[in-house]
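[1] What follows is a predicted protein model with its sequence.
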Amino acid sequence: MGRLFGTDGARGIANRELTCELAMKIGRAAAMILISDEKKRPRVMIGKDTRMSSDMLESAIAAGLCSVGVDVLLLGVVPTPAVAFLVREKGYDAGVMISASHNPCEYNGIKIFKSDGYKLPDELEEKIEGIILDEAAVPPVKIGGDVGRVTTDETFLYSYIEHVIKTANGDFKGMKLAFDCANGSASVTAPEIFTSLGAECHFISYEPDGVNINKDCGSTHLDALRKYVVDNGLDAGFAFDGDADRMLAVDRDGNIIDGDRVIALCAKHMRDKGKLKGDTAVVTVMSNMGFFKFCEKNGILCEKTIVGDRYVLANMLKNGYNIGGEQSGHVIFLDYANTGDGQITAIQVLNVMKETGSSLASLASVMEVYPQVLINVRVSNIGKVRFTEGDEEITKAIESAEKKLKNEGRVLVRVSGTEPLIRVMLEGKDEKLIKKLGDEIAEVVKERLI
C-alpha cells in the first residue's frame, strides 16, 4: 500500500485529505506516466459518482490534465466499470473515475485506468507518488494552443449499457426483482438495463442528491432492500454500492447472499457447463471458510490472494481463470469485464436462476457460511504504520486466539486499504467464542494504535 494510493485508488475526505490541489497534481503526474511523448494530443476520459464533491474534483483533475496538454472528455455520472470498459472501447489513452465507492459522501477517491481498461499496477502508482511527493520529475507546462481542451459527451454511456445488457442469456420475463442503487452511479444505468430485460423491476434509493449516496442504502446497508423484497413478495433483490462495481443480493426471504456465495453458485454453474476455466475460482484471504469447504466438496480449485480486487484480477490474468472476487461483492467475470461490475454480476446470477429454474436461496445453499466476526478499529495513520511494522502485543493477542480456536477457526487482522482502520476478522463454529476473542484482539489494537 502506497503513500497516496490504497488498494483501490487514492481516497480520503474530500477537500481535507483529498484536496483540489492534490487532485490536480495526480492528473498531471498520471499523464506523464501513462501517455507517450509521441502523442501530440492525448485523450483521457473522466467519470464520476453522485457525491457532492465529485464535480469539484472533476474540475481539478481536468485542469491538471489540460495543463500538460491532454484533451479531456467528461462522461458525467457513470459506474466505475463503465470507465474501465469505455477507455478501451473508445481508444482513449487513460481513464479516471472519481468515487469513494461504498464510503459516506464526505469521502471521495480517484481511480485511474490504463488504455487497456485495467487499474494501475502498484509500480505505476508508486511512480505517480514519486512525482507528486518526491518531485522525481517535473510535469511539462503547455501554453497557447498546446493546452488541452475539455468536452462533454454523456452518450458514451449507452455503449456501456448495451454491453451489460448483452451479457444476459435472453430475457428475465416472469421474475420479480428489486434493485437498490445506493443513490449512486447505478441510478443512471440500472433502470434502463434491467427494465429492458423484461423482469418486473422495482428500484429503491435511486434519487441521488449529492449527500445521500450510500446513506442507509446500497450494498453496505441491506435492511431496506431486505424488507422491500419480503414485503412485496419478490423473487430476489440486488444492492449496488456507490460506484456500482460491487453487488450483494438477497433472496425472497430477505437472507443476504454475499460475494462468496455469488462466486460459489456462479462458479458451480460455469463448471457444470464446462465454462469454468481451469476449474478454478480466485478469492482473497477474507473469504469465508465455508467457501473453501464448498470448493473441496465440488471439485473446484481455489486460488487465494491478499485483499483487493486488483490482486484477484492479477491472479486471474496470470493463470487464465475467468471468475474471482471478494466477499464484499466485487466479482470479476473476465469473459465480460476486466474489473468488478455489480450490474454484470447481478445479470450472471439471474442467468443461473433462469437456466436452472432454481430460486436464489436454493442456489446459494451450495455453500455453508461459517460464523464470522468482523470488527473495524479506527486508528491513526501512525498506528497503521506501526501495525505493518509489527506490534508485539497485538501479535501475542492473535497467537493466543489462534491457540484457543485450534483447527476449528481462523484469525485475520489487517490494515484497510481504503480507510484508517484495522480490520479484525475471526471465523469458527463457536460464534460466542469468536466474538469474545475478536473483542479481546480489538481492545489490544485500540490500546496500541489509536
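    Noted; the coordinates are in hand. Residues are numbered from 1 along each chain as shown.
[2] Point out where the stretch 251-400 of the chain drops to low pLDDT.
    For the stretch 251-400 of the chain, applying pLDDT under 70 flags no range at all.
[3] residue ranges for the helices of it, please.
    Assigned by DSSP state H, counting those that start in this stretch, the stretch 251-400 of the chain shows helices spanning 259-272, 289-298, 309-319, 342-356, 360-364, 381-389, 392-405.
[4] Please give the centre-to-centre distance between the second one and its chain.
    Right, helix 289-298. The chain centroid and the centroid of helix 289-298 are separated by 24 Å, computed with Cα atoms, centre = their mean, to the nearest Å.
[5] Name the residues of it that are buried.
    In terms of neighbour count (16 or more other Cβ atoms under 10 Å), helix 289-298 has its buried residues at M289, G290, F291, F292, F294, C295. Quick note: C-beta positions are derived from backbone N, CA and C, even for glycine.
[6] Run a quick neighbour tally on the closest residue to the fourth one other than its chain neighbours.
    What it means is F292. Using Cβ to Cβ, 6 or more residues apart in numbering and skipping the chain neighbours, the partner closest in space to F292 is C302 (5.9 Å). By other Cβ atoms under 10 Å, 17 other residues sit near C302.
[7] between the buried residues of helix 289-298, which is nearest L405?
    M289 (11.0 Å; Cβ to Cβ).
[8] Run through the residues that contact that closest one.
    Y370, G409, R410, E427 (Cβ atoms under 8 Å, 6 or more residues apart in numbering).
[9] what does N169 give?
    Going by Cβ under 8 Å, 6+ apart, N169 touches N351, K354, E355.
[10] Grab the CA positions of whichever strand or helix holds F238 and hand them over as CSV.
    Using DSSP states H and E, F238 maps to strand 236-240. Provided in CSV are the C-alpha atoms of strand 236-240 (Å, rounded to 0.1, in the frame of the first residue of the first chain):
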residue,chain,number,x,y,z
ALA,A,236,-34.7,-11.5,-5.3
GLY,A,237,-33.1,-8.2,-4.6
PHE,A,238,-29.8,-6.7,-5.7
ALA,A,239,-27.9,-3.9,-4.0
PHE,A,240,-25.0,-2.0,-5.6
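[11] by contact count, what packs against it?
    strand 176-180, helix 223-231, strand 247-251, helix 342-356 (3 or more Cβ pairs under 8 Å, 6 or more residues apart in numbering; DSSP states H and E).
[12] Out of those, flag the one nearest T155.
    If we rank the helices and strands packed on strand 236-240 by Cβ to Cβ, the stretch that ends up nearest is helix 342-356, at 18.7 Å.
[13] still on that earlier bit, same list (the contacts of N169) but as TSV, adding neighbour count and distance to K119.
    Formatted as TSV, the contacts of N169 follow (neighbours: other Cβ atoms under 10 Å; distance: Cβ to Cβ, whole Å):
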residue	neighbour count	distance to K119
N351	17	26
K354	18	32
E355	13	31
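[14] Show me which of the residues you listed is closest to S219.
    Among the contacts of N169, and counting by Cβ to Cβ, the member closest to S219 is N351, at 20.0 Å.
[15] how much space between that closest one and L197?
    10 Å (Cβ to Cβ, to the nearest Å).
[16] cool, E106 as well?
    35 Å.
[17] The residue nearest to F292 against T284, yeah?
    No: contact between C302 and T284 fails when scored by Cβ atoms under 8 Å: they sit 10.8 Å apart.
[18] how many other residues sit next to N232?
    N232: 12 neighbours (other Cβ under 10 Å).
[19] Now it: closest residue in space that isn't a chain neighbour?
    H202 (6.6 Å).
[20] so where does the one you found fall, helix or strand?
    Per DSSP H and E: strand 200-204 holds H202.
[21] Kindly calculate the angle that that strand makes with strand 236-240.
    40 degrees (axes from the mean of the first three to the mean of the last three Cα atoms, to 10 degrees).
[22] Packing partners of strand 200-204?
    Using 3+ Cβ pairs under 8 Å, 6+ apart, strand 200-204 is in contact with strand 176-180, helix 190-195, helix 223-231.
[23] strands paired with the shortest one, and their directions?
    Meaning strand 176-180. Neighbouring strands of strand 176-180 in its sheet, by DSSP bridges, are strand 200-204 (parallel), strand 236-240 (parallel).
[24] Please list the outside residues in contact with it.
    Applying Cβ under 8 Å, 6+ apart, the contact partners of strand 176-180 are 186, 190, 194, 199-206, 217-219, 222, 224-225, 228-229, 232-240, 346, 350.
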